[in-house]
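Visitor: no sequence for this one, just the structure:
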């Protein structure tokens with residue numbers, strides 16, 4: 001079952017993000033890695049900034065989460081993680097499909113450039129990596145992340161974004 005998360009899910013969201021983010025350890029630049037990957041305060045800040053988490057639940061347990069955030073004229077997919085034991089079972093795809101239904105705005109996704117598995121997942125779901133120049137512009141406009149993270153990230157856009165931003 002996919003459902004919108006609420007304040008009672010905060011600890012489960014925290015655990016899923018930090019367990020799922022272990023895949024980045026040793027892959028993303030060492031100066032970008034920290035433990036925990038996302039602190040409880042950072043999670044609270046993201047929610048306060050408008051990230052709404054949705055979760056995939058089975059037998060009363062959240063197994064994966066994905067956030068959605070409307071910023072200006074786009075929708076961002078944020079913090080998409082599935083517990084390691086439950087990865088590669090379609091949970092991420094189901095969450096992404098549900099969140100796509102929640103907006104009529106073009107969707108953008110940022111992820112680490114070295115997270116090839118994440119990039120492949122989004123490409124398989126109809127997103128394309130934008131140019132480096134466009135990535136830099138989009139990350140500065142729609143995200144609040146450190147310059148180092150901008151340098152080491154990519155942005156993927158869905159076809160709707162390309163259609164509304166051509167020439």
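Guide: Okay, I see it. Just so it is clear, the structure is predicted and the values come from calculations on it, not from any experiment.

Visitor: Quick check, central residue of this protein?
Guide: By C-alpha atoms, centre = their mean, the chain has its centre lying nearest to residue 78, at 2.9 Å.

Visitor: Please determine how far that residue is located from residue 85.
Guide: Applying C-beta to C-beta, to the nearest Å, the value for residue 78 to residue 85 is 23 Å. In short, each C-beta sits where N, CA and C put it, glycine included.

Visitor: Then residue 38?
Guide: If you go by C-beta to C-beta, the gap between residue 38 and residue 85 works out to 20 Å.

Visitor: Over to residue 120?
Guide: Distance, residue 120 to residue 85, by C-beta to C-beta: 20 Å.

Visitor: Show me which strand runs longest in this structure.
Guide: The longest strand of the chain (DSSP state E) is strand 61-71.

Visitor: what's that one in contact with?
Guide: Here strand 61-71 makes contact (C-beta atoms under 8 Å, 6 or more residues apart in numbering) with 5, 9, 12-13, 16-17, 20, 46, 49-57, 75-83, 86, 91-92, 95-96, 99, 102-103, 105, 142.

Visitor: Pick out whichever of residue 38 and residue 85 has more residues nearby.
Guide: residue 38 (17 against 8; other C-beta atoms under 10 Å).

Visitor: Where do the helices of the chain begin and end?
Guide: Using DSSP state H, the helices of the chain run over 10-20, 40-48, 91-100, 116-124, 132-142, 147-151, 159-164.

Visitor: can you list contacts of the third one?
Guide: Read it as helix 91-100. 2, 54-56, 63-66, 68, 75, 77, 80, 82, 107, 121, 125, 158.

Visitor: list the buried ones in that helix?
Guide: 91-92, 94-96, 98-100 (16 or more other C-beta atoms under 10 Å).

Visitor: what's the answer for the fourth one, then?
Guide: By 16+ other C-beta under 10 Å, the buried positions in helix 116-124 come out as 118-119, 121-122.

Visitor: Check the offset of the longest strand of the chain from the chain's centre.
Guide: 8 Å (C-alpha atoms, centre = their mean, to the nearest Å).

Visitor: Can you report how many residues lie near residue 45?
Guide: 13.

Visitor: no, scratch that, I was asking about residue 16
Guide: There are 25 residues near residue 16, going by other C-beta under 10 Å.

Visitor: got the end-to-end distance for stretch 117-131?
Guide: Stretch 117-131 has its terminal residues 19 Å apart, counting by C-alpha to C-alpha, to the nearest Å.
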